[in-house]
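1. need the 3D shape of this:
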Amino acid sequence: MEFLNQNIEDIYFVIFCIFIGIEVISNVPAILHTPLMSGANAISGVILVGAVYMMLTIPADDYLNLTLGGIAIFLGTLNISGGFFVTGRMLKMFSSKK
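-> Here you go, the predicted structure:
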């Protein structure tokens, strides 16, 4: 309970960002998907670099935060690579056939 009381503003901020993200993404037309996917991949790359930097500052005996950080880095990497693969396949659909 103490964790919630100390971080209530951060929790509200994350919930607010989730609602805004859902609203923004749900209103994007299909034709803008590829440019937005590329932009999202770039943003995810910056976030991944920040996550790796933060992992370097975690003490070696803090196993919970190291585990959560490792999972976050794995999922961020999965998101970036999946986005690039999907974007590449979409762009191949528009290339001229030989």
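2. against which helices or strands is the longest helix belonging to the chain packed?
-> Longest among the helix segments of the chain by residue count, using DSSP state H, is helix 63-93. The helices and strands touching helix 63-93, judged by 3 or more C-beta pairs under 8 Å, 6 or more residues apart in numbering; DSSP states H and E, are helix 33-57. Backbone N, C-alpha and C define where each C-beta goes, glycine included.
3. any weak-confidence spans in this structure?
-> The chain contains residues with pLDDT under 70 at 30-31, 33-34, 38, 98.
4. how about 90 then?
-> Applying pLDDT under 90 to the chain flags the ranges 1-7, 10-11, 14, 17-18, 20-55, 65, 69, 72, 75-76, 78-98.
5. nearest residue to the middle of it?
-> S44 (4.8 Å; C-alpha atoms, centre = their mean).
6. ok, back up a step: now the angle from the longest helix of the chain to helix 33-57?
-> Counting by axes from the mean of the first three to the mean of the last three C-alpha atoms, to 10 degrees, helix 63-93 lies at 160 degrees to helix 33-57.
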